[in-house]
Every structure is written in structure tokens, then in C-alpha cells.
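> here's a sequence, model it:
(chains A and B)
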Amino acid sequence: MSIVAEDITWRVGRKTILDHVSLGAEPGRVLGLLGPNGSGKTSLLRILAGLRPPNEGHVRIDGRNIRSLGRRALAQRVAFVEQHAATNVDLRVIDVVKLGRFPHRSPFSGWSAADEAAVNEALERADMIEKREQRWQSLSGGERQRVHIARALAQAPKELILDEPTNHLDIHHQLSLLQLVSGLSVTCIVSLHDLNHAAMFCDRLVVLDRGRIVADGAPEETLTQDLLREVFAVDARVEMSPHYSRPHVQFLAPEPSAAAKRHGGIPNVTAPGR
Amino acid sequence: MTPAGSSLRQGAFLTGLLLASLLTIALVVGASVGIGDLPIPLSTTWFAVTNRLGWTAMELNRIHETVIWDYRLSRALVAAFCGAGLALSGAIMQALLRNPLAEPYVLGISAGASTGAVAIAILGIGAGAVSLSAGAFVGAFAAFLFVALLSSGTRGGTDRTILAGVAASQLFNAATSYVVTTSGNAQQARDVMFWLLGSFGGVRWPDFVLVSVVVGAGLVLCLVSARLLDAFAFGDEAAASLGVDVGRARLALFSLIAVMTATIVSMAGSIGFVGLVVPHAARFVVGSLHSRLLPACAVAGAIFVVLADIASRVLIPQQVLPIGVVTALVGVPFFSVILFRFGRAS
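Predicted coordinates:
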């Protein structure tokens, strides 16, 4: 296991966002985090990245509690790509990617060959090498997300945590970004909304519902019709894709009366914590 | 062109720019010394300095030498350091708060300093034992603490810090106005108002020593933090994920700004607009990376304030304008041009 979350509980005020969550990411694999809006995905990712201390429980990396690691040491190891990280600062692509070297440099050290190599490799991986001199403000949404991933890769992490990286991207860019992420040799933990993308690109899926883990396993074990009905409140048929050997989810349009019945049958799905 | 070659060329270009800037500061300071009721040629100023340093032994006009040494040179140099400090503070605030309108006075520091000065001058707190400047310094720090507490330490987020700063400015400005308007002595009130708008009239060599040490140390600390400030480009969360201890970094840098601003305000009163305009102008020339932006701000701020000080003395014959009036009168049109061009560019 590379990152292990042990019995994490996170509260905001009186509301419990994460309720005794435990999970472990296997080295080099892609772990997909699924769940409806407000199920605690972003909170869990922030805690795994060490950006928030949990109220209870620990996050360990290679057996060490990340709170004993220190911010800089953690940043040398774990990279985090936020949801829509924007800026009004006028920077070039290369400047943004160079930020990834921050945890590896002291305030007095110059720009080393290792830094240059890491930045070039990251740009190459994210397919942004040709746009290195371009202005951040002139990039499209997909390009910006790629630059963020390049910045994260320049950190030379062993663990990469991405919070809904495909949000607001068109389908081509969604697929190419997930292809990029799943082709990396680092441990990835990525939260996603699209169930079929999760099934295609993740080795393992963890499903969160109202702050609890309700499923954890290979895509074909976790993405079941029962789970989709109970957690996401959708009627769906799950079949193995004939094109790639992963489960494929097809949604059935809800009939108005059936939808009303389901809402009666499943309390609190749309309004957690109430 | 290889990236290495281009960065080398860029490095040479920037070094040239820095040297040219330092030369410009020297010339502007020389001009500031020369301009006034008693005009002094640049060469006389040059030899007065080299004589004092023991490099030359020129025979110079005694009166000229006295005016240079006792009044004008210290004044021009203090103005330069004040400008550098204000511009640096503005650049750092804009980076940390991710707000283009941020400047040192957003934190209410100048308002606090004014209240402190007024409390000494009009209410007579300290009974003459404490100078106006010391009062301003204490007031500035009181405002800073007020903002720090109100924005719940440094963890409240950038918007809360700005709101707390606005509240502090209102509170301390109201306190100052209350004291000034209820004071019976009209002349005293007028003196205080003049001081509040900023003037380098009273500064002497001890002030220069203090401000050069504070701003000089501040510049060094800022340059050491340049990369850290870059890491804030995408917000606190992104900075934290790059390994920055956001709370500590922000507290340290805000404290540095508070010390610099309090020192400057206690000497020269509140000089508006420098911290806001200069960083924006500098960004147009050298870009947004702080390793270039911060030195550029220091240089441009120094030149701007020395020029403003000259203007404050010569615009109206026989009368000295408050420097805050000049920086705003020059700064606002200048800023409008920047805003207009920026609007078209993006």
C-alpha cells in the first residue's frame, strides 16, 4: 500500500462529512473515487493530500503518519491537482510547471539540471512541450488542466491526487486526460463523475455515499445495478463492454412516477445530513 | 534559439536593466538635492558626497554643502527608501491576498498610524516623552493586531483579511477624525492633517538610518521569499500542496509589511497610491514572477516617490504640497492609462 487512510472522520461544525473512512491505494495503480455530489469526495482527497488534518484517524504513507512528515517533505512525495485552480497572475506555461519544483528547492538554490529535466519530462508527458512559452490566460480549459498535471508531475510525486480533473472538458479531452493519467507509473487517486470513464480507466473503485464507503473493489464488482440505484438513485443496466473488457453502464430514462416512488423509497439521497 | 541561450540573454538584459535603474535612482536623488529655492548643480552634489567619503577634496560652497548634508540629501534618500518599501509591500499584499487592489493601507495600517500620531499630538498622551513617530508606530501595530485577530489569525482566508482591513481602516479613521474635529486648537489640527497626507519635510539622517535598515532588510527577506510568493499564484490550497506552510508564511510576510509600513508612515505620514500603482506598472515591464517583480518594484517605487517629492516642492512656488496629494494626482491618471491598456490587451 502506498497511501493508507485509517478510520478518517471529518466534521464541519456539527455536520459529519466523512464518517470512519478507511482505504488503501496500491502502488502504481489508479484508484477511482465515485459518489454523488456532497458525498465527501473532495474532503477525502484533501485529507489524503495532507491539506486538512482529519478530526479522527490518520493518513499514512509507507507506514508513516503524514503529519510527522512536514509540508515540504510531503509535497516532494504527493502532488495534488485541485478542481478549477485559476489565477489572475500573468504566467507562462513553463512558469506554472516550474512551480512544481518548489518543494525540491531551497530559497537559495539555483535552477538545476535535474529541475530542468523534471520540468521538460512533465511537459512532454502532458503533451504541452510546444506550448511552454504560451500565456496561461490564453489556454483552453483542457490545456490548463494538462498544465496543472504537468506541474504536479514536475513535483516528481509517487502519489498523484486529482479532484475531478475532467470537469468542464469536452469528451475528447476527458478521454485523453484519463488516458494520460492511467498511463503514469505513479499511484493515482482520482475522483470522477462519469461512471463509464471510471470503469474504463481505474483499476479499483471506491464509492462514497454520505461520508461512508459503500463499495470498494474492481470496477466489475463495484458498479452493480443495485449500487447505482441505491447510491446514485438511477436505473441502469450494467453489461460487460464488447469493446473493452470493463463494465459499461447504460442509464434508463426514469419514468416520472417511478422517480417519485424512488424518492419516497430512498430518503436523504438528495439532501444528505438533513 | 535554445532555452538556455534565451535565459542567458534575458539574464544579461535584466542585469542591464537593474544597473540602469540604480543609475536612474542616483540621478533622480541628485536632481532632488539640486532642485529647490537654492538650486545646486549636480556636480556640486557629487563632489559633496565624494568629499565626505574621502575620495576627493574639492573646495565647495559652505552653504551648498550644509543644505546638501543637513536637509536635502537625507530627505531624498529617505523618500527613495520609503517608495521602495511601499511598492514592495504592495506587491507582496497583491500576491498573498490574490487581489489586484490590495496595498499596505488595506490592512488599516496607515489609519492606525494616524490615530497613534493624533493621540500623541492632540490628546497629549505620553506628555511629550513620546514622539509623534513613536505614536504612529504603536498605532500601526495596533491596527495590524486588530486585523490579525479579526481575520482569525491568518487562517480566515483572503477575503476575510481584506474585510477586516477595511473595518480597521474605518474604525481608526473615524477615531482620528473624532479627535481632530473635537480638538480646540485649529492650528494643531491643521498640522496633523498635513502630516497625515504625507511629507518628507522633517526627515533627517537618523530617519535615513532606520528606514534604510528596515526597508533594506525587508527587500532581502522579500527576495528570499520570491519563489514562495510565486507558489501562491493559484491560491492558498495550491501553495499548501506545493509544500508551503501557508499560515506561517502569511503571518511572517504580513508582519514584515506591517514593520515596513509602520516605519514609513511614522516618518512621512501616509503616502497613498504608491503601493497600488507601482507593482502594476512594474508587472507590465518585467512580468509577474516575483524574483524580477520585487526588485523592479523597489526601484520603480524609489524613483516614483523621489519624483513626487520634487513635484511637491516645485508645483506651487513658496509652498510645499503634501506628498500624498502629489502621488494621487500623478498616480490616478497614470493608473487609468494602465487600466485602459490592460482592458484592451485582455
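
> neighbours around the residue in the stretch 201-346 of chain B that chain A sits nearest to, how many?
Nearest residue of the stretch 201-346 of chain B to chain A: residue B:243, at 3.0 Å (CB to the nearest CB). In short, each C-beta sits where N, CA and C put it, glycine included. Using other CB atoms under 10 Å in any protein chain shown, the number of residues around residue B:243 comes to 22.

> pretty sure it contacts residue A:75?
Yes. With contacts counted by CB atoms under 8 Å, residue B:243 reaches residue A:75, the gap being 3.0 Å.

> near chain B, which residues of chain A?
Residues of chain A lying close to chain B by CB under 8 Å from any CB of the partner chain are A:46, A:49, A:51, A:71-76, A:78-80, A:82, A:85-91, A:95-96, A:99-100, A:102-103, A:105, A:107-108, A:137, A:155.

> common neighbours of residue B:243 and residue A:75, please.
A:102, A:103 (CB atoms under 8 Å, 6 or more residues apart in numbering or on different chains).

> can you give me the helices in chain A?
Applying DSSP state H to chain A gives helices spanning A:41-48, A:71-75, A:93-98, A:113-125, A:141-154, A:171-182, A:195-201, A:219-222, A:225-232, A:256-265.

> make CSV from these and add mean pLDDT to it.
CSV is the format used below for the helices of chain A (pLDDT from 0 to 100):
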stretch, mean pLDDT
helix A:41-48, 94
helix A:71-75, 92
helix A:93-98, 94
helix A:113-125, 92
helix A:141-154, 91
helix A:171-182, 90
helix A:195-201, 94
helix A:219-222, 92
helix A:225-232, 92
helix A:256-265, 55
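
> got those as CSV, with mean neighbour count columns?
What follows is the helices of chain A, written out as CSV (neighbours: other CB atoms under 10 Å in any protein chain shown):
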stretch, mean neighbour count
helix A:41-48, 23
helix A:71-75, 20
helix A:93-98, 24
helix A:113-125, 16
helix A:141-154, 24
helix A:171-182, 16
helix A:195-201, 22
helix A:219-222, 18
helix A:225-232, 16
helix A:256-265, 11
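
> find the residue at the geometric middle of the chain.
By default, I'm working from chain A. With distances taken as CA atoms, centre = their mean, residue A:190 lies nearest the centre of chain A, 2.3 Å away.

> my bad, chain B
Geometric middle of chain B (CA atoms, centre = their mean) lands on residue B:86, at 2.2 Å.

> near chain A, which residues of chain B are found?
Counting by CB under 8 Å from any CB, chain B sits next to chain A at B:95, B:98, B:100, B:224-225, B:227-228, B:230-231, B:233-235, B:237-238, B:240-245, B:283, B:287-289, B:346.

> now, of those, which are buried?
Buried residues within the residues of chain B next to chain A, counting neighbours by 16 or more other CB atoms under 10 Å in any protein chain shown: B:95, B:98, B:225, B:227-228, B:230-231, B:233-235, B:237-238, B:240-244, B:283, B:287-289.

> identify those among these that sit within helices.
Per DSSP H, those map to helices at B:95, B:227, B:228, B:230, B:237, B:238, B:240, B:241, B:283.

> relative to residue A:201, how far out is residue A:251?
Distance, residue A:251 to residue A:201, by CB to CB, to the nearest Å: 19 Å.

> ignore the last one, residue A:245
13 Å.

> before we move on, what about residue B:159?
Counting by CB to CB - residue B:159 and residue A:201 are separated by 37 Å.

> before we move on, what about residue A:62?
Distance from residue A:62 to residue A:201, by CB to CB: 25 Å.

> then residue A:82?
Using CB to CB, residue A:82 is found at 20 Å from residue A:201.

> repeat that for residue B:294.
To residue A:201, residue B:294 is 43 Å away according to CB to CB.

> same question for residue B:61.
Residue B:61 is 83 Å from residue A:201, by CB to CB.

> contacts only, for the residue in the stretch 51-200 of chain A that chain B sits nearest to.
Closest residue of the stretch 51-200 of chain A to chain B, CB to the nearest CB: residue A:75 (3.0 Å). Residues near residue A:75 by CB under 8 Å, 6+ apart: A:102, A:103, A:155, B:241, B:242, B:243.

> try 6 Å this time
A:103, B:242, B:243 (CB atoms under 6 Å, 6 or more residues apart in numbering or on different chains).

> give the burial count for the first one, as a bare number.
The criterion is other CB under 10 Å. On that basis, residue A:103 has 23 neighbouring residues.

> name the element residue B:301 belongs to?
Under the criterion of DSSP states H and E, residue B:301 resides in helix B:290-314.

> and if you look at residue B:102?
Going by DSSP H and E, residue B:102 is not in any helix or strand.

> how many residues are close by it?
25.

> what of residue A:106?
Neighbour number of residue A:106 under other CB under 10 Å is 8.

> can you report phi and psi for the closest residue to residue A:252 other than its chain neighbours?
Closest residue to residue A:252 apart from its sequence neighbours, by CB to CB, 6 or more residues apart in numbering or on different chains: residue A:235 at 4.3 Å. Per-residue torsions, residue A:235: phi -90, psi 130 (degrees, to the nearest 10).
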